[in-house]
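Chemist: Got a predicted structure plus its sequence, pasted below:
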Amino acid sequence: MSAELLELHFPSTGRIYQIVPRANQEIIAGRAETCHICLVYFFAQPVTIISSRHFKLYYRPDRGFFIMDVHSRNGTWLNGEPLQPDEGRYIRHGDLITLTSKQQFVIEVRLNDAKPTAKANQSTISVAETLTDRELEVLRLLPTHLTQREIAAHLHVSHNTVKTHIQRIYGKLGARRKSEAIERAEILKLL
């Protein structure tokens, strides 16, 4: 199976989130800022009924993307059928993901055999737009080889605050360590 770019289309706002597949990739979506896909940025309505961690997307090179509800409060539906918690289903082009029983929280799935588009279109949300100003400040200090404590002193915040920002940065960039975060940030032209 060829690697397919996954696009999540949010009809209520016209926004798009693009995911370039990586082997055994896990992407968490929910209301929390620590999620890879923070749904607050994609829906026009308040998202309080969406769980902090609502669903996961996985990518397997041999089969493609699949979705799994992560014990969300109000459920996840794929094409009108509820997903049981921890039950994975493969997704296809044209599938509809609905969060909660409310129809205003719909995501359309599109799969393309292409690289991410470099749209100057404001409807495409980038990782940079999901990072807070303070997270961007911390991210830009990571390649300087300052310790976390030194970054905290430089920004006049506590060491724990810097650790929290770094965890959120790693989550949003899909990185497990500092070197991966720096590499992804350079690719995304955040540094």
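Modeler: That came in fine, so what should we check first? Numbers count the residues shown, from 1 in each chain.
Chemist: any chance you could map the strands in the protein?
Modeler: Counting by DSSP state E, the chain has strands at residues 5-10, 15-19, 25-30, 37-38, 55-60, 64-69, 76-78, 81-82, 88-90, 96-99, 106-112.
Chemist: Nearest to Ala152, out of those?
Modeler: Ranking these by proximity to Ala152 (Cβ to Cβ) places strand 37-38 first, at 24.0 Å. To be clear about C-beta, it is placed using only N, CA and C from the backbone, and glycine gets the same treatment.
Chemist: Who does the closest one pair with, and is each partner parallel or antiparallel?
Modeler: Paired strands of strand 37-38, with direction, are strand 25-30 (parallel) (DSSP bridges).
Chemist: of the strands of the chain, which approaches Pro46 most closely?
Modeler: Ranking the strands of the chain by proximity to Pro46 (Cβ to Cβ) places strand 96-99 first, at 12.9 Å.
Chemist: Show residues contacting that closest one.
Modeler: Residues outside strand 96-99 that contact it (Cβ atoms under 8 Å, 6 or more residues apart in numbering) are 8, 39, 50, 54-55, 67, 72, 74-80, 91, 105-109.
Chemist: Quick one: mean pLDDT for that strand?
Modeler: For strand 96-99, the mean per-residue pLDDT is 88.
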